[in-house]
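Student: sequence below, structure please.
(one chain, ligands or ions: 1)
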Amino acid sequence: MPLVTSTELLAAAEAGNYGVGAFNAINMESSQAIFEAAEKERAPFILQVTQTTLGYTEPEELVACIKALAAKSTVPMALHLDHGRSFQRVMQFLAMGFTSVMIDGSLQEDGKAPRSWDENVEITKKVVEAAHAIGVPVEGEFGMLGQIGGDLKGGESALTDPDMAAKFVETTGVDILAVGVGTTHGLFKGKPYIDHERLKEIDAKVNVPLVMHGGTGVPDEDVQKGITEGIRKINFDTGIRIGFLEAVAKEIHSIEAEWAEADATGGIRKYDIRRVLKPARASMVEAIRDRMRVFMSNGKADSFIGASCKEDPAKAAERAREAEIAKVLE
Ligand code: 13P
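Tutor: This next block holds a predicted model:
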């Protein structure tokens with residue numbers, strides 16, 4: 001299945017009234033988990049990489065691994081840059097064949113201080129011009145992310161203003177818009193409050209699909225309500241990390257007990273890294289599958305393939321046969 005653009009995925013989601021999960025990958029295991037979850041749920045998805053991943057691995061290495069997985073995938077997906085912070089960085093990811101990019105012009109390159117309206121418009125417009133020249137859609141951000149009454153800097157006035165958001169989309173030409181309506185990256189302190197009235201107003205005034213960043217910890221009913229109010233892309237990262245680390249912690253605990261036993265009985269300690277990575281990957285798969293169901297993208301891959309992707313009929317028949325065999329084996 002060739003990579004598709006995020007615009008195509010989000011248009012199908014708009015028509016089918018569901019949300020597309022955008023899942024962050026940082027290594028081979030998290031990438032594999034995202035693909036495996038999508039295959040199992042038959043859910044179209046966006047796999048995204050942030051530029052800070054670059055501090056951990058060379059982008060080309062990770063992207064080569066993701067592309068190898070994509071070549072085998074039978075589910076439509078887009079490869080997206082999450083929170084690009086400079087023109088140069090976005091160009092680097094476009095050159096690697098990303099089919100969707102985000103320029104987060106709401107914050108300065110350090111990801112901390114806010115950018116002014118003019119600065120946000122200037123950098124976003126520049127990225128849009130370059131990306132559109134090669135047919136790649138751009139996600140922009142207008143308004144601040146943050147928990148209302150929590151880590152939201154500048155209070156509620158920092159959330160996305162619907163009229164200004166419409167002007168931002170019109171001025172910059174972005175294809176997708178990330179909005180601040182009370183969600184935050186990472187976990188919430190206490191119960192989150194999502195400003196649905198604001199979201200509805202933004203949706204009424206803005207004619208591009210909207211993105212909910214900070215998907216972890218947003219109650220299922222708020223996510224699903226958000227989908228009826230124009231949210232089409234939902235970013236999910238911390239929940240994947242939780243899945244990984246909780247499984248690792250559990251497995252390390254039992255490995256340590258086995259080592260203690262071996263030490264006490266004169267046995268030999270065993271060292272197998274896969275012992276930790278396998279359950280960690282399986283745990284990420286489950287966390288992602290759970291979100292795909294909440295976003296209601298499960299089962300949507302095949303109608304998408306039929307409608308706009310024109311999958312090779314031989315490949316489609318092979319996949320149908322495999323599905324039949326899997327059913328018999330169940
Ligand atoms: P969470 O880590 O809260 O799921 O947010 C992810 C995100 O918005 C990535 O851009």
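Student: anything in the helix or strand harbouring V101 near the ligand?
Tutor: Using DSSP states H and E, V101 maps to strand 100-103. No. Using CB under 6 Å from any ligand atom, we find that strand 100-103 stays clear of the ligand, coming within 8.0 Å at best. Yep, even glycine has a C-beta here, placed from its N, CA and C like the rest.
Student: downstream of that strand, the next helix or strand is which one?
Tutor: helix 117-133.
Student: rewinding a little: mean confidence score for the strand holding V101?
Tutor: For strand 100-103, mean pLDDT is 98.
Student: can you get me a residue count around A38?
Tutor: 28 (other CB atoms under 10 Å).
Student: what's the strand or helix carrying it in contact with?
Tutor: Taking DSSP H and E as the definition, A38 sits inside helix 28-41. Applying CB atoms under 8 Å, 6 or more residues apart in numbering, the contact partners of helix 28-41 are 23-25, 43-45, 47, 62, 65-66, 69-70, 72-75, 77, 240, 243-244, 277, 280-282, 284-286, 288-289, 292-293, 297-299, 301.
Student: now D175: closest residue in space that isn't a chain neighbour?
Tutor: In this structure, D175 finds its nearest non-sequential neighbour in P137, 3.8 Å apart by CB to CB, 6 or more residues apart in numbering.
Student: which bits of the stretch 151-300 of the chain sit near the ligand?
Tutor: Checking the stretch 151-300 of the chain against the ligand by CB under 6 Å from any ligand atom, the hits are H185, G186, H213, G214, G215, T216, N235, F236, D237, T238, G239.
Student: tell me where the stretch 151-300 of the chain has strands.
Tutor: Here the stretch 151-300 of the chain has its strands, by DSSP state E, counting those that start in this stretch, at 176-179, 210-212, 231-236.
Student: pLDDT below threshold where in this protein?
Tutor: Low-confidence segments of the chain (pLDDT under 70): 1, 305-320, 323-324.
Student: so how many other residues sit close to F23?
Tutor: With other CB under 10 Å as criterion, F23 counts 31.
Student: what's opposite it in the beta bridge?
Tutor: L47, F236 (DSSP bridges).
Student: so it touches V49, yeah?
Tutor: No. The criterion here is CB atoms under 8 Å, and F23 misses it with V49 at 10.3 Å.
Student: convert the strand or helix carrying S303 to CSV, retaining C-alpha atoms only.
Tutor: Under the criterion of DSSP H and E, S303 resides in helix 301-304. Extracted in CSV, the C-alpha atoms of helix 301-304 (Å, rounded to 0.1, in the frame of the first residue of the first chain):
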residue,chain,number,x,y,z
ALA,A,301,-9.4,0.7,6.1
ASP,A,302,-11.1,-1.4,3.5
SER,A,303,-13.7,1.1,2.4
PHE,A,304,-10.9,3.7,2.1
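Student: show me which residues of it are buried.
Tutor: A301, D302, F304 (16 or more other CB atoms under 10 Å).
Student: for stretch 119-139, same thing?
Tutor: Buried residues in stretch 119-139 (16+ other CB under 10 Å): 120-121, 123-125, 127-128, 130-131, 136-139.
Student: got it, and stretch 95-114?
Tutor: Buried residues in stretch 95-114 (16+ other CB under 10 Å): M96, F98, T99, S100, V101, M102, I103, D104, G105, S106, L107, Q108.
Student: now flag whichever of those residues is closest to V179.
Tutor: Checking these against V179 by CB to CB gives S106 as the nearest, at 10.3 Å.
Student: phi, psi of that closest one?
Tutor: phi -70, psi -30 (degrees, to the nearest 10).
Student: just D82 next, same as before
Tutor: With angles defined as degrees, to the nearest 10, D82 sits at phi -100, psi 130.
Student: count of neighbours near it?
Tutor: 26.
Student: same deal with A12?
Tutor: A count of nearby residues for A12, using other CB under 10 Å, gives 23.
Student: tell me which element it falls in.
Tutor: Short version, using DSSP H and E: A12 is in helix 6-16.
Student: residues making contact with that helix?
Tutor: Contacts of helix 6-16 (CB under 8 Å, 6+ apart): 19-20, 44-46, 76-78, 80, 99-100, 137, 139, 175-176, 209, 232-233, 297, 300, 303-304, 307-308.
Student: in it, what's buried?
Tutor: S6, T7, E8, L9, L10, A11, A12, A13, G16.
Student: distance to the ligand for those - can I get that in a markdown table?
Tutor: A markdown table is the format used below for those (distance: CB to the nearest ligand atom, whole Å):
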| residue | distance to the ligand |
| --- | --- |
| S6 | 13 |
| T7 | 18 |
| E8 | 20 |
| L9 | 16 |
| L10 | 16 |
| A11 | 21 |
| A12 | 21 |
| A13 | 17 |
| G16 | 23 |
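Student: and which of those residues is nearest E58?
Tutor: Closest to E58, out of all of these and judged by CB to CB, is S6, at 24.0 Å.
Student: if you drop the residues flanking it in sequence, what lies closest to that closest one?
Tutor: In space, S6 is closest to S100, 3.6 Å off (CB to CB, 6+ apart).
Student: quick one: the one you found and the ligand, what's the gap?
Tutor: Going from S100 to the ligand by CB to the nearest ligand atom, to the nearest Å gives 13 Å.
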